[in-house]
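1. predicted model, plus sequence, below.
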Amino acid sequence: MEKQPRLLCSVLSVQRRPYEVILNCAILAWKETQTTKKHTGRGIYGAVKAGSYYVPMCEIISVQEKDDESPSENSGKWQKVPQSPVDSCQHAFTVSYVERTRQHCWRCSEVTFHCPELALCLLWVQTIREQLALLTNRPKHLLVYINPFGGKQRGKQIYDHKVTPIFSQASISTDVIVTEHPNHARDHLKTEADLMKYDGVVCVGGDGMFSEIVHGLVSRTQRDEGVDENSMKDTLVSCRLRIGIIPAGSTDCICYATVGSNDPVTSALHIVVGDSQSMDVCSVHDSDTFLRYSVSLLGYGFYGDVLTDSERKRWMGPARYDISGVKTFLSHRYYEGTVSFLPAEGNSGTPRDKFQCRSGCNICRGSSSDKLVSKDENNLPDAERQDDWTVIRGKFLAINAASMSCACPRSPKGLSPAAHLADGTTDLILVRKCSRLDFLRHLLRHTNKDDQFDHSFVEVYRVRQFHFTPRYQDCDSEVDLRESGVGSKRFLSQICREHKACGCIQAQSNWNCDGEILPHSAIQVRVHCQLISLFARGIEEQSVFEDPYALCAI
Ligand SMILES: CCCCCCCCCCCCC/C=C/[C@@H](O)[C@H](COP(=O)(O)O)NC(=O)CCCCCCCCCCCCCCC
Ligand SMILES: Nc1ncnc2c1ncn2[C@@H]1O[C@H](COP(=O)(O)OP(=O)(O)O)[C@@H](O)[C@H]1O
Ligand SMILES: [Ca+2]
């Protein structure tokens with residue numbers, strides 16, 4: 001604070017008390033000065049320090065001149081004729097800034113400074129505005145998509161009542177599209193939207209809506225850059241526009257895991273201050289056909305079945321997941337197949353680490369510098385790393401790949417508490433066939449402090465790529481048919497589904513791909529490090545949110 005040159009320093013009054021107010025390019029600070037005797041008009045203040053506050057410049061939302069003909073903010077009555085210079089501040093300006101409350105939630109707070117002269121008031125307003133204008137990471141024009149049917153169907157209401165006032169206060173202009181059907185946002189982004197006009201895209205909805213935005217933006221970027229999404233080997237190009245999520249869905253895990261809460265006002269403020277958090281994206285292929293992208297959970301077996309069942313209960317809102325969860329748990333289906341994966345190497349940590357990915361995470365930062373090195377291991381052709389692949393066959397209740405923690409209100413630490421948002425890896429969790437009671441124990445550990453990986457039937461690996469093949473596709477008859485020259489994999493699956501005698505009629509699950517059903521079993525997945533960016537900063541350290549004034553009071 002002391003090292004920055006002061007831009008302005010004045011004595012101004014806040015709630016009729018004198019404060020020394022200092023502005024430099026990093027902070028706005030105000031500290032109370034106490035008069036040794038009541039101010040006489042000779043302008044001498046005592047030096048006794050009382051309360052001191054500061055707000056980082058990057059967390060100031062706006063500054064407005066205040067019309068002092070209005071009722072005073074304290075009494076609600078018209079202000080009296082002032083008695084002394086400190087009280088005589090007829091000119092005032094209000095600074096709106098971010099204040100931290102509980103559980104990583106942010107609120108918009110205000111402080112009004114009264115000035116003795118109009119010129120001084122204007123100088124403060126102009127100087128603060130000039131400093132804010134230097135913060136070039138802040139968005140000015142946004143494209144907003146609202147899913148009116150997500151979650152409890154309150155997306156439009158949440159946007160109109162909670163977000164619009166904050167955006168207009170921060171002078172952010174918007175083009176708003178209320179979606180009319182599924183994939184409306186995705187297709188608009190992919191083919192129609194004039195993206196050059198915007199500094200970011202905002203989605204109001206749940207994880208499914210966010211997934212639409214990711215698909216629209218990533219596909220559009222690849223098309224514009226001439227990258228073939230169907231090729232698993234092509235390195236995808238990162239998207240220019242950041243994505244903001246206003247949570248109005250059922251699980252809201254992406255918002256929760258990148259911000260720490262699913263509060264719409266908090267998300268709007270992260271957009272306003274222009275935060276940036278890179279995120280990994282998995283591409284999901286079936287041979288040379290691109291299927292989908294995933295940023296949070298790819299789940300086969302349990303989570304695939306919960307989702308498939310819950311789609312029929314959409315009318316229930318978020319409760320559908322609990323009902324389908326219990327039903328799926330009771331059905332206790334397991335699935336047979338082969339998982340093969342390329343483990344992550346280097347300084348990527350492990351899924352059993354005790355520390356978690358937090359704002360400014362060193363592991364993610366390390367991965368971003370790796371990414372700049374042109375030839376990382378990820379770029380090596382698979383053939384060159386053939387020996388590094390691990391193959392596991394078995395009967396699984398669930399196969400989950402968590403590219404981030406997947407923390408959500410249902411499970412505050414998430415599916416993989418130590419997963420990183422932007423490290424270029426996903427945590428592959430294999431839950432082998434076990435008793436119902438053991439599986440329940442495992443599920444319950446997602447809701448308490450116990451380690452959900454500490455079971456003999458659970459394995460977890462940090463990987464860069466993985467493949468899954470259900471048993472029916474790699475049973476012996478496949479080899480026989482191949483040898484006898486009979487057609488493609490698709491033809492083979494067809495036969496297998498109908499051919500009960502080969503024993504491969506074993507039921508198949510679907511993949512839950514960020515809350516969307518992927519009606520494929522055999523998939524190949526590759527993590528693309530930091531392909532997209534969000535208006536977020538990762539979850540702030542506990543100390544910041546436990547002490548709401550840690551950043552404001554000095
Ligand atoms: C016994 C309690 C067990 C609680 C176990 C909770 C684990 C929850 C981990 C959730 C990870 C969620 C990852 C995110 C997925 C979302 O992308 C995705 C889409 O979200 P959207 O609708 O907002 O668009 N959401 C989902 O796929 C929902 C997954 C929800 C799973 C809930 C499972 C509840 C299980 C209840 C089992 C109860 C057994 C009771 C036996 C008596
Ligand atoms: N106007 C619309 N009508 C119906 N479905 C929509 C509409 N807009 C988006 N969707 C779809 O609704 C699904 C769920 O949306 P989401 O916002 O994630 O809510 P939830 O968290 O409740 O699942 C997504 O798959 C999305 O594609
Ligand atoms: Ca990751």
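-> In hand now; what should we look at? Ligands and ions are numbered 1, 2, ... in the order given.

2. can you tell me what sits against the host helix or strand of D427?
-> D427 belongs to strand 426-432 when elements are defined using DSSP states H and E. Outside strand 426-432, the residues that touch it by Cβ atoms under 8 Å, 6 or more residues apart in numbering are 280, 282, 298, 301-302, 339, 341, 351, 392, 394-403, 415-416, 418-419, 439, 442, 453, 457-464, 466, 525, 527. (Each C-beta comes from the backbone N, C-alpha and C, glycine too.)

3. try 7 Å
-> Around strand 426-432, the neighbours that count as contacts under Cβ atoms under 7 Å, 6 or more residues apart in numbering are 282, 339, 341, 351, 392, 394-403, 415-416, 419, 442, 457-463, 466, 527.

4. likewise for stretch 214-230?
-> Under the criterion Cβ under 7 Å, 6+ apart, residues 185-186, 188-190, 195, 201, 234, 236-237, 239, 241, 243, 281, 288-290, 293, 295, 531-532 lie in contact with stretch 214-230.

5. swap in 8 Å and give it another go.
-> 185-191, 193, 195, 201, 234-241, 243, 281, 283, 285, 288-290, 292-293, 295, 531-532.

6. hmm, stretch 199-207 touching ligand 2?
-> Yes. Contact of stretch 199-207 with ligand 2 (Cβ under 6 Å from any ligand atom) involves 205-207.

7. sorry, back to before: after the strand holding D427, which helix or strand is next?
-> Past strand 426-432, heading to the C-terminal end, the next element that is a helix or strand (DSSP H and E) is helix 436-444.

8. and whatever helix or strand comes next after that following helix, which strands flank it?
-> The C-terminal neighbour of helix 436-444 among helices and strands, as given by DSSP H and E, is strand 458-470. When pairing is defined by DSSP bridges, strand 458-470 lines up against strand 335-343 (antiparallel), strand 426-432 (antiparallel), strand 523-534 (antiparallel).

9. dump those strands to JSON lines, plus distance to A407 and mean neighbour count.
-> Converted to JSON lines, the strands paired with strand 458-470 look like this (distance: least, Cβ to Cβ, whole Å; neighbours: other Cβ atoms under 10 Å):
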{"stretch": "strand 335-343", "distance to A407": "23", "mean neighbour count": "20"}
{"stretch": "strand 426-432", "distance to A407": "13", "mean neighbour count": "25"}
{"stretch": "strand 523-534", "distance to A407": "15", "mean neighbour count": "23"}
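
10. for the ones you listed, which one sits closest to G317?
-> Shortest distance between G317 and the strands paired with strand 458-470, using Cβ to Cβ, is found for strand 523-534: 25.2 Å.

11. list the buried residues for stretch 432-448?
-> By neighbour count, and taking 16 or more other Cβ atoms under 10 Å as the criterion, the buried residues in stretch 432-448 are 432-434, 438-439, 442-443, 445-446.

12. which element is N512 on?
-> Taking DSSP H and E as the definition, one finds N512 inside strand 511-513.

13. please see if that strand touches ligand 1.
-> Yes. With Cβ under 6 Å from any ligand atom as the measure, strand 511-513 is seen reaching ligand 1 through N512.

14. what does the helix or strand that comes right after that strand contact?
-> Once the chain leaves strand 511-513, the next helix or strand it forms, by DSSP H and E, is strand 516-518. Taking contacts as Cβ under 8 Å, 6+ apart, the residues outside strand 516-518 that touch it are 208, 211, 284, 291-292, 304, 307-308, 311, 510-512.

15. how many residues are close by the residue in the chain positioned nearest to ligand 1?
-> Taking Cβ to the nearest ligand atom as the measure, the chain has G515 as its residue closest to ligand 1, at 2.2 Å. For G515, the count of nearby residues is 25 (other Cβ atoms under 10 Å).

16. the chain against ligand 3: which residues are in contact?
-> On the criterion Cβ under 5 Å from the ion, ligand 3 has as its neighbours in the chain the residues 280, 403, 420, 423.

17. swap in 6 Å and give it another go.
-> Near ligand 3, the residues belonging to the chain are 280, 403-404, 419-420, 423, 425-426 when assessed by Cβ under 6 Å from the ion.

18. rewinding a little: residues contacting the residue of the chain closest to ligand 1?
-> 206-208, 211, 250-251, 297, 307.

19. what do you get for D438?
-> By Cβ under 8 Å, 6+ apart, D438 lies in contact with 455, 457.

20. pLDDT score for it?
-> We have a pLDDT of 97 for D438.

21. and if you look at E345?
-> 82.

22. how far away is it from D388?
-> Taking Cβ to Cβ, to the nearest Å as the measure, E345 and D388 are separated by 8 Å.
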